[in-house]
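In: got a predicted model here, sequence first, then my questions.
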Protein chains: 2
Amino acid sequence: MVTIKDVAREAKVSVATVSRVLNDSGPVSEDTRRLIHEVAGRMRYVPHSGARSLITSRTDTIGVLLPDLYGEFFSEVIRGMDETAQRNGYHLLISRSYADKDGIETAMRAMRGRVDGVVTMSPDLDAESFLNVPSTIPIVLLCSVSRGNEVDSLTIQNCRGAREMVSDLVGRGHTRIAIIKGSPRNYDAAERLRGYRIALREAGIVPDADLEREGGFTEMGGYAATHELLALLERPTAIFAANDSMAIGALSALRESGVRVPDEMSVAGFDDIPLARFMDPPLSSVHVPIRELGARAVEMLLYGITHKNDHPRRRERVSTELVIRSSTGGVPAERPPPRTLNRELIQT
Amino acid sequence: MVTIKDVAREAKVSVATVSRVLNDSGPVSEDTRRLIHEVAGRMRYVPHSGARSLITSRTDTIGVLLPDLYGEFFSEVIRGMDETAQRNGYHLLISRSYADKDGIETAMRAMRGRVDGVVTMSPDLDAESFLNVPSTIPIVLLCSVSRGNEVDSLTIQNCRGAREMVSDLVGRGHTRIAIIKGSPRNYDAAERLRGYRIALREAGIVPDADLEREGGFTEMGGYAATHELLALLERPTAIFAANDSMAIGALSALRESGVRVPDEMSVAGFDDIPLARFMDPPLSSVHVPIRELGARAVEMLLYGITHKNDHPRRRERVSTELVIRSSTGGVPAERPPPRTLNRELIQT
DNA sequence: GCCCTCTATGTAAACGATTACATATTTAAG
DNA sequence: CTTAAATATGTAATCGTTTACATAGAGGGC
């Protein structure tokens, strides 16, 4: 491998001069500058990043810690991060970790010394105690609970978004609105559930535990939860899924059971992944600017890095937007006769 | 930051001994070993990876170069890579790049010195000349054309998979089978198209240029292409989309036009992303083990790394599997009357 | 007691960059 | 013409590891 010494020898200058040219630091005559650029290019010289980071104690790399994250959300968030990172001359070191405290701690250790800062996405509520602790290295918490003022954090307007969607359903006349929740230990899931409940309360509707089902943020989970809801004596007239994957699973289950959407059942999701508009029917959802979420997280981290982690901590929230397509509609005109029938049958 | 010297001082030994303990190299008495582990742990010592890589000339990092890749394919492939990398003590440095020659070259340069090897996914056919060149650093080409024997490569059994799917459609009686292609400059797309044509030829069906539409691998592209196909005088009875995203777009377009699937039109995709089974109707597709694809690519790369890139090059191919769900069926019983009608109308 | 072989440990030289400081050269000011 | 300031370049210390080599003590066989 060709080193800075080789370049210096070839150009008949000292290594210091080469370094100055390549980093634009200190004064160098125009002639030598050109010469060195030419030689370095010809020899395909690339500085050894390890050596550089040893002396400068910077790595030009930012770490990204992600939980087991599926589907489009994952790719979009990374895309946003990579764009911003690259634009600022940074690389992305990505690592999946278990969502729990230990997993994050291990992954964090493995990254120490390799990165200038870390964006951590650990929606697991149990990790809170560990996360909200001051760190020597800049950290941005993404979509994670953060109560203290020790760490920068960026979250989605989960609660407000959910509340708006559910209120919209209420506005269409629905009163029996079910939710397919995510894991109770998941931050986003918890916030979306909170928004759902607030909206109901605002409308004077008493929450019904039967209408709150868990779907684990997967299509399969949404599918199963929907079948449970359909088996209820008093079916809901609308289903709010805490993310689009579960909403898609719900649509699939409803179709299977011959329940028409939105005529007999409204369905809404959360995230507004690109696919949402291509569902049958096109899915109403709460739009989240996923890519910007990633981009902004990196921006915040870079700010922390350039200020040597000695800056007032920020807590930001990206806003969501209601997107009504055709999967949500009014409440079914007449109460479906089978319901009473069922009840009688069972009570017999 | 605490260095190896600090640990040595604290444990009252030399840095060499500390290094030996931490790397399990050379003989150390059991007592000192325990002592040093205890001290290092207590002081939260983490070796400086830059310094280490300077002397060992290894980085324990592998680079991943990806084109603008959307959706679930992206996340799954990365997941597979990360799993295998972590299991072998490696990190993942991920970078998106433009698919063209220049983009890859730039990204490759930026990674040099930071990684021990690179997995490059550059399906762009134009990049071939650049890619199939011997490199000092181990490289695995993923889903990219590779003609020479200079580089390891791993691809999907595109042609065979496509051929099987189209043959299956033929077996169901279809003769007018359309394809929604990807970009003509994309390797996977080209191979799938080839498989489609081979299957037709095998069945004695003459290819019809009207039935080959381009969809750019996106939902929107599939949607648009399908509308074009529906506008044809002689509609196809089946559509084979070169990936699932386009198939989903196709389903959406068909629904919009009131064409029932599979009664009036069969639709098949490629990739078998997790979502496919939740479509309406559940999508027949060619299953690709995406995660394994990523895992295997990393395995091949690690082999190259441990053998100092001095090993016989391999060209591997992961096999696909036909998954028939309910979006593909027999050919419509009677020729739909409107078709003749249309023709007469226009010929008038 | 002598010599050889092990085992345990320490010393110091790399690795490839950056940069403070020193030095040489040029330019400008008086 | 002298001298100060500015410019261009070189020298060498430094960053935190690993590791070849040196050293020292402990056993063992004779």
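Out: Okay, I see it.

In: only C-alpha atoms from now on, for both contacts and neighbour counts.
Out: OK.

In: show me what contacts A:Glu191?
Out: A:158-159 (CA atoms under 8 Å, 6 or more residues apart in numbering or on different chains).

In: check whether the one helix or strand A:Ile305 maps to contacts DNA strand C.
Out: Assigned by DSSP states H and E, A:Ile305 belongs to helix A:290-306. No. Interface with DNA strand C: helix A:290-306 contributes nothing (CA under 7 Å from any atom of the strand), its closest point being 14.2 Å away.

In: need the contact partners of that helix.
Out: Helix A:290-306 is contacted by residues A:73, A:76-85, A:116-119, A:138-140, A:142, A:152, A:154, A:271, A:310-311, A:318 when judged by CA under 8 Å, 6+ apart.

In: so which of these reach chain B?
Out: A:76, A:79, A:82 (CA under 8 Å from any CA of the partner chain).

In: contact residues of chain A facing DNA strand C?
Out: A:1-5, A:15-17, A:19-20, A:22-23, A:25, A:46-48, A:51-52, A:54-56.

In: mind listing residues that contact stretch A:261-273?
Out: So stretch A:261-273 is contacted by A:72-73, A:162, A:165, A:236-247, A:250-251, A:254, A:259, A:281, A:283-288, A:290, A:323, A:326-332 (CA under 8 Å, 6+ apart).

In: recalculate using a threshold of 7 Å.
Out: A:72, A:237-244, A:247, A:259, A:283-288, A:327-329, A:332 (CA atoms under 7 Å, 6 or more residues apart in numbering or on different chains).

In: same question, stretch A:139-156
Out: A:117-123, A:125, A:128, A:132-134, A:187-188, A:297, A:301, A:313-319.

In: which of the residues you listed are buried?
Out: A:117-123, A:125, A:128, A:132, A:187-188, A:297, A:301, A:313, A:315-316 (16 or more other CA atoms under 10 Å in any protein chain shown).

In: now, which of the ones next to chain B among the contacts of helix A:290-306 sits nearest A:Glu228?
Out: Of all these, A:Glu228 sits closest to A:Glu76, with 31.7 Å by CA to CA.

In: picking up where we left off before, which ones among the buried ones among the contacts of stretch A:139-156 are found in strands?
Out: Using DSSP state E, the members of those that fall in strands are A:117-121, A:315-316.

In: can I get the residues you listed in TSV including pLDDT?
Out: Formatted as TSV, these follow (pLDDT from 0 to 100):
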residue	pLDDT
A:Gly117	95
A:Val118	94
A:Val119	95
A:Thr120	91
A:Met121	89
A:Arg315	93
A:Glu316	95
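
In: closest one of those to B:Ala110?
Out: When those are compared against B:Ala110 (criterion: CA to CA), the nearest one is A:Gly117, at 19.3 Å.

In: check contacts around the closest one.
Out: By CA under 7 Å, 6+ apart, the neighbours of A:Gly117 are A:62-63, A:137-139, A:301, A:305.

In: check those and tell me the two furthest apart.
Out: Pairwise over these, using CA to CA, the maximum falls at A:Gly63 and A:Ile305, 12.2 Å.

In: okay, the two: which has more neighbours?
Out: Neighbour count, other CA atoms under 10 Å in any protein chain shown: between A:Gly63 and A:Ile305, A:Gly63 has more, with 25 against 20.

In: which residues pair with the more buried one across the strands?
Out: Residues in a beta bridge with A:Gly63, per DSSP bridges, are A:Leu93, A:Val118.

In: do A:Asp271 as well
Out: Residues in beta-bridge contact with A:Asp271 (DSSP bridges): A:His287.

In: where's it relative to DNA strand D, distance?
Out: 43 Å (CA to the nearest atom of the strand, to the nearest Å).

In: state the pLDDT value of that residue.
Out: We have a pLDDT of 95 for A:Asp271.

In: repeat that for A:Pro207.
Out: So, for A:Pro207, pLDDT stands at 91.

In: list the contacts for it?
Out: Taking CA under 7 Å, 6+ apart, we find A:Pro207 in contact with A:197, A:200.

In: just say helix, strand or coil for it.
Out: Following DSSP: H, G, I helix; E, B strand; the rest coil, the label given to A:Pro207 is coil.
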